[in-house]
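1. Next input, structure requested:
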Amino acid sequence: MASNDFSEILPRVLIVSRRGVRKNKFVDFVVGYGAVPVIVPRVSGVHMLLNSFEPIHGVLLCEGEDIDPSLYEAEISSLLPEELKEIRRLHASDGAIDREKDSIELSLA
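-> Take a look at the predicted model:
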């Protein structure tokens, strides 16, 4: 191992992120704890590459759309349909689900 090859001696933390968007605050956060941030792009086919990111010492789950409730067998809500519709109207981004991101993160977790 070369003396400047820190990737083998520092912990590696994966960050699942959108393609083309710099996530400096997440990178800075990981570096601040003495780890090497590795950005996992949210692109088609990335599932086949997840093993290539090893060794993995941690996964930073960030940028939160809601996790798809069907993935953990939760009921969506005990609210009436009209109440759910109003909540989704008022808080549209809070109810968004990104199944691709969920799938990648659950594969890593």
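2. C-alpha only now, for contacts and for neighbours.
-> Will do.
3. and the gap between the closest residue to P11 other than its chain neighbours and H47?
-> Sequence neighbours aside, A35 is the residue nearest to P11 in space, at 4.9 Å (criterion: Cα to Cα, 6 or more residues apart in numbering). From A35 over to H47 the distance is 23 Å, taken as Cα to Cα, to the nearest Å.
4. swap in S70?
-> Distance, S70 to H47, by Cα to Cα: 20 Å.
5. okay, the lowest-mean-pLDDT helix or strand in the chain in CSV with CA atoms only?
-> Least confident helix or strand of the chain, by mean pLDDT, DSSP states H and E, is helix 81-90 with a mean of 77. Extracted in CSV, the C-alpha atoms of helix 81-90 (Å, rounded to 0.1, in the frame of the first residue of the first chain):
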residue,chain,number,x,y,z
PRO,A,81,-59.0,9.7,2.6
GLU,A,82,-60.1,13.3,2.7
GLU,A,83,-57.6,14.1,5.5
LEU,A,84,-54.8,12.4,3.6
LYS,A,85,-55.6,14.3,0.4
GLU,A,86,-55.5,17.6,2.3
ILE,A,87,-52.2,16.7,4.0
ARG,A,88,-50.6,15.8,0.7
ARG,A,89,-51.9,19.0,-0.9
LEU,A,90,-50.3,21.1,1.9
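6. which residues are in contact with the helix or strand following that helix?
-> Where DSSP states H and E defines the elements, the next helix or strand beyond helix 81-90 is helix 99-108. Contact with helix 99-108 is made by V16, R42, V46, H47, L50, V59, L61, I67, D68, as judged by Cα atoms under 8 Å, 6 or more residues apart in numbering.
7. Quickly check the residues you listed for the two that are furthest apart.
-> L50 and D68 (21.0 Å; Cα to Cα).
8. Compare these two (neighbour count), which wins?
-> Applying other Cα atoms under 10 Å to L50 and D68 shows that D68 carries more neighbours, namely 17 against 14.
9. Okay then, goodbye and thanks.
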